[in-house]
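Asks: Here is a sequence with its predicted model. Questions after.
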Amino acid sequence: MRSFCLTSVIRILLWSVIWLPIISSAAEDVPLSEETEACILCHESINSGIIHDWKNSRHAQITPAAALQKPALERRISNEAIPPELASTAVGCYECHSLNTADHADSFEHFGYEINIIVSPKDCQTCHLEEATQYANSKKAHAIANLRENPLYHTLVQTTLGVQSYDETGWTHAAASGTTENETCFACHGSEVMVLGMRDVETDFGEITVPHLANWPNQGVGRKNPDGSLGACTSCHPRHSFSIEIARKPYTCSECHLQPDVPAWDVYQESKHGNIFFSQQDQWNWTHVPWRVGQDFQSPTCATCHNSLLTDPSGETVIAERTHDFGARLWVRLFGLIYSHPQPKTGNTTHIRNKDGLPLPTAFDGEIAAEYLLTPEEQTERKNTMKRVCQPCHGPSWTLGHFAQMDSTLAETDQMVYAATQLMQQAWDTGLADPENPFDEHLEKKWVELWLFYANSIRYASAMCGQDYATFKNGWWQLNQNLEYLKTVIQNDSK
Amino acid sequence: MRSFCLTSVIRILLWSVIWLPIISSAAEDVPLSEETEACILCHESINSGIIHDWKNSRHAQITPAAALQKPALERRISNEAIPPELASTAVGCYECHSLNTADHADSFEHFGYEINIIVSPKDCQTCHLEEATQYANSKKAHAIANLRENPLYHTLVQTTLGVQSYDETGWTHAAASGTTENETCFACHGSEVMVLGMRDVETDFGEITVPHLANWPNQGVGRKNPDGSLGACTSCHPRHSFSIEIARKPYTCSECHLQPDVPAWDVYQESKHGNIFFSQQDQWNWTHVPWRVGQDFQSPTCATCHNSLLTDPSGETVIAERTHDFGARLWVRLFGLIYSHPQPKTGNTTHIRNKDGLPLPTAFDGEIAAEYLLTPEEQTERKNTMKRVCQPCHGPSWTLGHFAQMDSTLAETDQMVYAATQLMQQAWDTGLADPENPFDEHLEKKWVELWLFYANSIRYASAMCGQDYATFKNGWWQLNQNLEYLKTVIQNDSK
Amino acid sequence: MRSFCLTSVIRILLWSVIWLPIISSAAEDVPLSEETEACILCHESINSGIIHDWKNSRHAQITPAAALQKPALERRISNEAIPPELASTAVGCYECHSLNTADHADSFEHFGYEINIIVSPKDCQTCHLEEATQYANSKKAHAIANLRENPLYHTLVQTTLGVQSYDETGWTHAAASGTTENETCFACHGSEVMVLGMRDVETDFGEITVPHLANWPNQGVGRKNPDGSLGACTSCHPRHSFSIEIARKPYTCSECHLQPDVPAWDVYQESKHGNIFFSQQDQWNWTHVPWRVGQDFQSPTCATCHNSLLTDPSGETVIAERTHDFGARLWVRLFGLIYSHPQPKTGNTTHIRNKDGLPLPTAFDGEIAAEYLLTPEEQTERKNTMKRVCQPCHGPSWTLGHFAQMDSTLAETDQMVYAATQLMQQAWDTGLADPENPFDEHLEKKWVELWLFYANSIRYASAMCGQDYATFKNGWWQLNQNLEYLKTVIQNDSK
């Protein structure tokens, strides 16, 4: 590493002259710590996007001490025991990036300050304790293990992402590369960010030495951070705006929950709920806490039904409690593996085994692995929580009718998947396909598409009212087409 | 049914104390009827979404009598003979839900008031007579019969939605369930809402007795209501905002008119018209009546071309009359059954028979069932109406060129469908497929996709300028791919 | 042609009375030329959309002379030598439509004025010289020739768009019609607008005589105009608003750069960048020149990364120079023909030949046609330009990690395409497919989809962070599915 040179120091001093007045005026009444002022001094010039994001954020505009003065339902911080040294300044660069450095493999000395590159949920919980705790128990927090440590899903990942090549000896199917995993499955599920050592990088102020991170960048929901914690709050509250508005809008969820396998976003777009959102969102209040149904918005987004703190227009009667365990209001898992089934009891699902010993919540004949899944009573309780969310806008006949339709659709799609699985079993039994890896052959992929894409889509469309989606887009039509194709090939049945 | 209990009464009284001042302030200058005030008293607390939707709506902000004072072109109500008892209060809960109760199988006694659950077009026509009359003659109003009472389409629905199962005796294809029909085809087309009797439901105020509706919820365009009327105004003016803004925005139409079978929305998104809408819609006036081209908006939405009352910027010269018969400006039906053809003369199309006696507007060789369809003169007249809509933004060379391209594309796609149908006929003739049900086998589905998805898509892309859509998205590429596949399988022709 | 009749004159006079006050008030302080006032006199009534677009545009609100007074970085015009007769009035109808009439085959006499129908880049360069010059050297300007004059691509176009028909003698594959070409491939690439002569058209003011244009309407990026120039500024700055806002928003690029072949838009929608754009665009400044990162916007659109003039929040330090050669910041071409490869050195790519003499930038074995493509040094320089665009929001670890992932993905997708191409070569060698036209058979189309849709999509998803897109939407899953299908059919290998 070359030493940090004199020119760089001069550049920094020059920047100070230009930027200092701007910094002061930006944070007007809310005092900044000296350390944060030092951060901004350089980074305002090279990272204007980051600094301005933060300046527009709530973190720059209120101190934790002032935030704690709010009435309970209006509070955005859930830890009442804020460390005194953080209470009375804005939540600036240094306040977050200097937390728990001893735990952080990515901590390093940077111009006299010990800081971490990554701010993890464990750091955020300094103020947002309840949210971090809920999240830690969610399926999202365990998204890496739930995918990677499940042998079946691991095979699916490797089969899908491993590069194939061909020569005179035949076909080779390589293991998936880490870079491709990080860009695809694990971009949503999260990567394990590791510190490989230190390295020198070029900057506008000359060369500096920073931790060399592997599996980075990544904002996946189950990201394993260099302090051992799981999750990335920036998945939904992106980067330095920490925005509740962005998290409440469906574009955030749409980054991962989309067609063809988890088409929540696509169905929402086609739904009446989506229509009203797209047509009138500009007139709504996206930042009020609590979120008042009718007063602040007129149609739900993902966050409304799944995790926001909802009240009536007065802001005083709670309709639904805030939760950052995003499955907490769900009673059934739609995206069927391979059938729909009750939600798992725990966020970590790696221990689930069906009656045949496979790491799946159902057997191939549809029987659920009941001991790992919600009981019918627990399901009913959660369904009732969800029904309360419907109530401000829908009478009881409407809501009852909707959920009855959905129950029927889950049963029907499971039945269709069962029929296709019987066909596939014939192919495996007769040698038309090799059951060792159930995901790698043409016919097997047709079977996978049938449940992973089409049955899933019909279920999502039922749950969220996406009529055309379930019919012709990625639904009954395609499910039947794949089934007929399997029939034609496996049973040699043109009819 | 358990009796309505004392606790409930106390709860209501408590709510009154909290909500009464809010109600009064909300409806400031426009008087509410006593009945509507009574509705709000309870429902504000349990249905805050509904009440606030209505409060923000025009219905809460002007009386019919005042609305009638507007100049003719600015009026949103078309019946000048408003019943005197409705003229001088806001159009509140009771004003709509108490209309024509004698005709409503869903009317019931609710805390001393006789009301209907569903407000139907026949009720809305009390003020919106012209709109209801136009609508009643449209294809939309007859959307249930047009699908269900046409034997061929009925077969398509049953084949697509019926659950299949398999055992040692072979395959069983069940009839489609009502719940699945209501969530898919008939979610757009409409369900027949029936009253099965009364039932008890739990509410925040205790158990109450309400009509038990079958095929509900539903907002399909051809919904058969418990008063016998057809249609749901809420399809496009959702629920209690009755919004003209939402109806004018393309998100509304996109709920049903979308890919792959009717990709109007998808093509719009890719078009120049769509681009300008998405980029600048925030700066437009979405509620002005009449809708002034150039002044209120700079690019058309679905409503602009198909049904809105359009004027020049002065608001005085009419460019196109308002119509709620949504096919009234259309001369040709694009989504081809199986070929494109002149629009039918009437909204109810169940009586159409082609020369072979099939309930289709064309024969399999393309010949149109002329007596049921618009004459060339009627087509020209409608095309000219549409051309006037183009004129404020496009010179005559542009418009003429556009429609000439479209004519050519209709002919070409029909020709491609004819070639594929000849192939399919070979398959039927040779026993490779069974013509009894032309929609249920793998090959037949490939043929259906060819016209229902791909030829349709090319036609929509031509009509609405979605260039890439017609090429690679769901257009010429896919149409050819399916055709080549049929060739390969049916003619055993690798080339 | 019938003579322009008296009634029409009277109608015009009547319109004058109505519209003159409106015209005057609209253009308040900025003087209009007499000629433009004359244009508006008639066209305000028949083309209110056009006139109001223009009135809201910058062209109506500032004179070129005043625009030139702005500091250099704030200027939107790049030619300092504006003709004196244009300097001191608004840029109105006549100012643009009367330029260089001698060069315009579409010029004609219109009520005493010599005007052109089409305003071409050569006309726009009167004020926007630098933009027009950059554009003329871009691939976009040569989009017609690059497609039509490349024998292979030409075959692809003809195969895809030509109508097929069938009779007892077998199949006929006609040449693509001009109308279909103009609505599909050449709607984006551009058509050659030709003047066939003059013709009479009906207008509200009677019949008038105007040039009869062939291949019109068209706004493709490489449009060949009747003055011989290439391009249509209206592709991105639509029609008479000449809007920089629309051009900066991604909806514009989305008209052509979308799935399945060039899914830039679709990937952007799923990305974090897209999420932030959709969630907060209403709060951004879309018209400020220069475009200040952090100050004016918080997340990039297409224009940000590819062509806008970017500065820091002060508006004084340039981060990236403006360019209207839209490939100028690109080092690699993703959409692979059939492999990814360095960007070509020149906008016109018709002269490129691979080592086998084919008009492709790579050979079928992947070797690049190096002499026609950027050198590694030129690639690095461009990549560094792009990295500077990332810097305001991303630290060096983030940026380095991102581009390393992308490099890996390009190599992997190229490897997968190579494997598929080896399979296809077997099919051609064994007569299972006919290599004469490599695009027309079922199997060949499966191979084309593999690289044109799926490998391309994975590359775009890598470049622009569209995680799910690369996995299941149109990515690794589909690429593998097509590969397995080719294996099954070509190698008769069920496994």
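Replies: Yep, that arrived.
Asks: Surely A:Thr126 forms part of a strand?
Replies: No. Secondary structure of A:Thr126, determined by DSSP: H, G, I helix; E, B strand; the rest coil: coil, with no strand assignment.
Asks: Flag every residue of the stretch 201-350 of chain A that's near chain C.
Replies: Taking C-beta under 8 Å from any C-beta of the partner chain as the contact definition, the stretch 201-350 of chain A meets chain C at A:201-203, A:210-213, A:216-217, A:219, A:238-239, A:241, A:243, A:245-246, A:249, A:251-252, A:254-256, A:258-261, A:282. All C-beta atoms are positioned from the backbone trio N, CA, C, and that covers glycine.
Asks: PyMOL command to pick out the buried ones of those residues?
Replies: Selecting the buried subset of those in PyMOL, with 16 or more other C-beta atoms under 10 Å in any protein chain shown as the burial test, is done by:
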select buried, chain A and resi 203+210+211+212+213+216+217+219+238+239+241+243+245+246+249+251+252+254+255+256+258+259+260+261
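Asks: in a strand, that's where A:Pro435 is, yeah?
Replies: No. According to three-state DSSP, the state of A:Pro435 is coil, so it is not within a strand.
Asks: May I see the buried residues of stretch A:328-347?
Replies: For stretch A:328-347, the neighbour count (16+ other C-beta under 10 Å) marks A:328-344, A:347 as buried.
Asks: ugh, typo on my part, it should be stretch A:376-394
Replies: Using 16+ other C-beta under 10 Å as the test for burial, stretch A:376-394 gives A:Gln379, A:Arg382, A:Lys383, A:Thr385, A:Met386, A:Lys387, A:Val389, A:Cys390, A:Gln391, A:Pro392, A:Cys393, A:His394.
Asks: what do you get for stretch A:99-111?
Replies: For stretch A:99-111, by 16+ other C-beta under 10 Å, it's A:Leu99, A:Asn100, A:Thr101, A:Asp103, A:His104, A:Ala105, A:Asp106, A:Ser107, A:Phe108, A:His110.
Asks: Please give the centre-to-centre distance between that stretch and its chain.
Replies: Between the mean C-alpha point of stretch A:99-111 and the mean C-alpha point of its chain there is a distance of 26 Å (C-alpha atoms, centre = their mean, to the nearest Å).
Asks: quick one: it near chain C?
Replies: No. No part of stretch A:99-111 sits near chain C under the criterion C-beta under 8 Å from any C-beta; the closest distance found is 9.4 Å.
Asks: That stretch spans what distance, first to last residue?
Replies: Using C-alpha to C-alpha, to the nearest Å, the end-to-end distance of stretch A:99-111 comes to 17 Å.
Asks: pLDDT, secondary structure and distance to A:Glu37 added to the buried residues of stretch A:376-394, as a markdown table?
Replies: As requested, the buried residues of stretch A:376-394 are arranged in a markdown table below (pLDDT from 0 to 100; DSSP: H, G, I helix; E, B strand; the rest coil; distance: C-beta to C-beta, whole Å):
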| residue | pLDDT | secondary structure | distance to A:Glu37 |
| --- | --- | --- | --- |
| A:Gln379 | 98 | helix | 53 |
| A:Arg382 | 97 | helix | 48 |
| A:Lys383 | 97 | helix | 52 |
| A:Thr385 | 96 | helix | 46 |
| A:Met386 | 97 | helix | 47 |
| A:Lys387 | 95 | helix | 51 |
| A:Val389 | 97 | helix | 44 |
| A:Cys390 | 97 | helix | 49 |
| A:Gln391 | 95 | coil | 49 |
| A:Pro392 | 96 | coil | 46 |
| A:Cys393 | 96 | coil | 48 |
| A:His394 | 96 | coil | 52 |
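Asks: For chain B, give me its nearest residue in the stretch 51-200 of chain A.
Replies: A:Leu73 (15.6 Å; C-beta to the nearest C-beta).
Asks: And that residue, how close does it get to A:Glu321?
Replies: Summarising the geometry, the distance separating A:Leu73 from A:Glu321, computed by C-beta to C-beta, to the nearest Å, is 10 Å.
Asks: Make sure A:Leu486 is actually in contact with A:Lys445.
Replies: No. Taking C-beta atoms under 8 Å as the contact criterion, A:Leu486 and A:Lys445 are not neighbours in contact, 11.0 Å apart.
Asks: thinking again about what came up before, now intersect the residues of the stretch 201-350 of chain A next to chain C with the helices, please.
Replies: Assignment to helices by DSSP state H places the following of those there: A:Glu245, A:Ile246, A:Tyr251, A:Thr252.
Asks: would you turn those into a markdown table with distance to chain B and pLDDT?
Replies: A markdown table is the format used below for these (distance: C-beta to the nearest C-beta, whole Å; pLDDT from 0 to 100):
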| residue | distance to chain B | pLDDT |
| --- | --- | --- |
| A:Glu245 | 16 | 98 |
| A:Ile246 | 18 | 98 |
| A:Tyr251 | 14 | 98 |
| A:Thr252 | 19 | 98 |
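Asks: give the contact list for A:Ala232.
Replies: Contacts here follow C-beta atoms under 8 Å, 6 or more residues apart in numbering or on different chains; on that basis A:Ala232 touches A:Ser120, A:Pro121, A:Gly190, A:Asn218, A:Gln219, A:Gly220, A:Val221, A:Arg223, A:Asn225.
Asks: still on that earlier bit, could you find which two of the buried residues of stretch A:99-111 are furthest from each other?
Replies: The most widely separated members of the buried residues of stretch A:99-111, counting by C-beta to C-beta, are A:Asp103 and A:His110 (17.3 Å).
Asks: Can you name the residues of the stretch 151-300 of chain A sitting close to chain B?
Replies: A:269-272, A:274-276, A:278-280, A:282, A:292-295, A:298.
Asks: ok, back up a step: just give me the closest of the contacts of A:Ala232 to chain C.
Replies: Nearest to chain C among the contacts of A:Ala232, with distances taken as C-beta to the nearest C-beta, is A:Gln219, at 6.9 Å.
Asks: Tell me if I'm right that that closest one and A:Cys236 touch.
Replies: No. Assessed by C-beta under 8 Å, A:Gln219 is found out of contact with A:Cys236, at 9.2 Å.
Asks: Which parts of the stretch 301-450 of chain A are strands?
Replies: Assigned by DSSP state E, counting those that start in this stretch, the strands in the stretch 301-450 of chain A fall at A:310-311, A:318-320, A:332-333, A:341-342.
Asks: do the stretch 1-150 of chain A as well
Replies: Remark: strands of the stretch 1-150 of chain A, listed N- to C-terminal, are A:107-110, A:113-116; assignment by DSSP E, counting those that start in this stretch.
Asks: Kindly present these as JSON lines, with separate columns for distance to C:Glu168 and mean pLDDT.
Replies: Listed next are these as JSON lines, based on distance: least, C-beta to C-beta, whole Å; pLDDT from 0 to 100:
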{"stretch": "strand A:107-110", "distance to C:Glu168": "80", "mean pLDDT": "98"}
{"stretch": "strand A:113-116", "distance to C:Glu168": "77", "mean pLDDT": "98"}
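Asks: Need the nearest residue in space to A:Cys465, chain neighbours excluded.
Replies: The spatially closest residue to A:Cys465, leaving aside those adjacent along the chain, is A:Ser271, at 4.5 Å (C-beta to C-beta, 6 or more residues apart in numbering or on different chains).
Asks: Give me the pLDDT for the one you found.
Replies: At A:Ser271 the predicted local confidence, pLDDT, stands at 97.
Asks: And for A:Tyr460?
Replies: The predicted local confidence for A:Tyr460 comes out at a pLDDT of 97.
Asks: Quickly find the element holding it.
Replies: Secondary structure assigned from DSSP states H and E places A:Tyr460 in helix A:456-464.
Asks: is any part of that helix close to chain C?
Replies: No. With C-beta under 8 Å from any C-beta as the measure, helix A:456-464 is seen stopping short of chain C, the closest distance being 10.6 Å.
Asks: Show me what that helix is packed up against.
Replies: helix A:264-270, helix A:396-430 (3 or more C-beta pairs under 8 Å, 6 or more residues apart in numbering or on different chains; DSSP states H and E).
Asks: Before I go, just wanted to say thanks for your time.
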